[in-house]
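Asks: Below: sequence and its predicted model.
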Amino acid sequence: MEIMDKPLTKNIRPDRVFATLADYESTGGYQGLRKAITELQPKDVQQWVKDAGLRGRGGAGFGTGLKWSLVPVDDLSQTRYLVANADEMEPGTFKDRMLLEQDPHQLIEGMIIAAYAIQAQRAYIFLRGEYHLAKQRLEQALLEARSKGYLGEHILNSAFSLEIVLHTSAGRYICGEETALLNALEGKRATPRAKPPFPLVSGLWGKPTVVNNVETLCNVPHILHYGIEWYQGLARGVDKGTKLFGASGRVKHPGLWELPMGTPIREIIEQHAGGMRDGYKLRGFLPGGASTDFLLPEHLDTLMDYEAVAKAGSRMGTGVIIVLDDKTCPVKMVLNLEQFFAQESCGWCTPCRDGLPWTVSLLKDIIAGKGRIEDLDTLAGLTRMLGPGNTFCALAPGAMEPLQSALKYFREDFERYIAMEQVQ
Amino acid sequence: MNGQIFEGLSLTEIREINAEMSHYEDKTAVSIEALRIVQKHRRWVSDQCLVAVAELLEMSPAQLEAVATFYNLIYRQPVGKTVIHYCNSVSCWMLGSDQVRERLCRHLNVELGEMSADGEYTILPIVCLGACDHAPVAMVGDELRLDITEDAVNEILGR
């Protein structure tokens, strides 16, 4: 029954390069689509996914079925779009690449079911430009799906038709923000849009649009094929299903593993990643990418559930952990993170455009021995000014998460740099 | 490509750009794809190319320039035959991306963004390539290279 425990990665095997259509079909592939289209109404599919408890795997954790149900479908002649967000660029995150490269049909089936649920006529895969291998595999898989009648006109001889377009991006972190992504798809600079209106009502070219993360969509076929009860039974905590968790940094075995939602962080770092490399101790970790708050060894027993990680003071984010060891300077690590965010800011709103370079320059001064103790108050002030509610999108607030927690947990490291200056 | 007389976009480029248009609601939506197509054939997007693409898509050159300069993978300056993008995001930084950059630049005797004297290489930083379990990593042309040690740098540049 191992296959049933790991629905997302069941086709990913060390003995083959990637899952072809035949491989995918041999383990129940496209059965979820068949059930959805031949047995269920679009509203039923939404309800199944809602009842299963699937939440967005891109970071925000919004209920997927709920999201779909908010799309206006009163006028069936109106164009609607589905977009798969395959613009994986959160530093420290490498989960979607595996799904795209190793089992591309899983995403395609998930997209067709999602498009059916919201009655979209066209769907886009917004793929990171750097993911060349994923592009090749997806192109091949799309051709295979079309030739088998899973995609195109009258899918499985039903009234439902769908075209999927593969769009490769030209690289910018902000494209992962869903409204910025829509601007990029329209051929514009990827600046976020003011909300409301939300994309569910007015998205791509002003039409109702659902944007879902790759991993989220990959869950959908299995919910339809194996059922709600089975899906809920996969989890160990409050949230449902399985999730790709991973770890990078100075652990013995960096990697990616499909595990039940609610798996304790300790198990991921100590068992699956094999603990710290010899000679290194765990100092802290970012639980779900660069834009999540640091947690400490005392938080290792936290479960990888949305609310549990939030209660510990961070976010599950993408669920791929970045480990900080005792020989890496947390201040320099935060500088690296803030340089990333400052570079990737789209420049649309002032707190982000001006605040992030200011943050970088303060951190550089501190590290160079030119810092003053008041700089720590200025940095703390920035975490508030760039925090939630002051910007168009979540980039700057996300950038402030590792900084605010580093100021709380690693303050002595900041102060040591500043004290160094005093004795000189 | 510098110094050559610009005779407009090639028929292949125009055909490829036109083929993309069927996938989008309007011409301007193709702008990023169009720049990538031009870049695929010419390695970078010159001012003349930019103006020609803008005309084809019925956009103003300024509007297209705003797009071209926004995206990391559109080059508005000449680059070498092979662009090496080394990842400088957090996991790779922890495991030695600064050393990878130094080695690459020292071996080729270039600064970041410069073309090597033989026109073969340009080194550029890139954000997280999504292979953090094999840090440090780089993208050599279209190919992802994992676990880059000093030997791997020699091998990348030697082939």
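Replies: Happy to help now that I have it. Numbering: from 1, shown residues only, chains lettered A, B, ... in the order given.

Asks: List the contacts of the helix or strand hosting A:Lys67.
Replies: Element membership for A:Lys67, per DSSP states H and E: helix A:64-69. The contact list for helix A:64-69, computed with CB atoms under 8 Å, 6 or more residues apart in numbering or on different chains, reads A:43, A:45-52, A:54-56, A:114, A:117-118, A:200, A:210, A:212, A:216, A:219-220. In short, each C-beta sits where N, CA and C put it, glycine included.

Asks: Give me the buried subset of those residues.
Replies: Neighbour-count burial (16 or more other CB atoms under 10 Å in any protein chain shown) is assigned, among the contacts of helix A:64-69, to A:45-50, A:52, A:54-56, A:114, A:117-118, A:200, A:210, A:212, A:216, A:219-220.

Asks: Point me to the helix or strand that includes the closest residue to A:Pro388 other than its chain neighbours.
Replies: Using CB to CB, 6 or more residues apart in numbering or on different chains and skipping residues adjacent in sequence, the residue nearest A:Pro388 is A:Pro397, 4.7 Å away. In this structure, A:Pro397 sits in helix A:395-409 according to DSSP H and E.

Asks: List the buried residues for that helix?
Replies: In helix A:395-409, counting by 16+ other CB under 10 Å, buried: A:395-407, A:409.

Asks: contacting residues around the residue in chain B sticking out farthest from the centre?
Replies: Centroid-distance maximum for chain B: B:Glu25 at 26.7 Å, with CA atoms, centre = their mean. By CB under 8 Å, 6+ apart, B:Glu25 lies in contact with A:Glu186, A:Trp205.

Asks: again, only this time at 6 Å
Replies: Taking CB atoms under 6 Å, 6 or more residues apart in numbering or on different chains, we find B:Glu25 in contact with A:Trp205.

Asks: in what helix or strand does it lie?
Replies: Short version, using DSSP H and E: B:Glu25 is in no helix or strand.

Asks: how far away is it from A:Gly92?
Replies: 35 Å (CB to CB, to the nearest Å).

Asks: same check, this time on A:Cys175
Replies: 18 Å.

Asks: So for the two, which sits in the more crowded spot?
Replies: A count of neighbours by other CB atoms under 10 Å in any protein chain shown puts A:Gly92 above the other of A:Cys175 and A:Gly92, at 31 against 26.

Asks: List phi and psi for the more buried one.
Replies: Backbone torsions of A:Gly92, given as degrees, to the nearest 10, read phi 90, psi 10.

Asks: Not counting its neighbours along the chain, what's nearest it?
Replies: For A:Gly92, the closest residue by CB to CB, 6+ apart turns out to be A:Ile322, at 3.9 Å.

Asks: and if you look at B:Leu104?
Replies: In space, and not counting its chain neighbours, B:Leu104 is closest to B:Ile123: 4.9 Å by CB to CB, 6+ apart.

Asks: In a helix, the one you found, correct?
Replies: No: counting by DSSP: H, G, I helix; E, B strand; the rest coil, B:Ile123 falls outside a helix, being strand.

Asks: what separates it from chain A, distance-wise?
Replies: From B:Ile123 across to chain A, the span is 16 Å (CB to the nearest CB, to the nearest Å).
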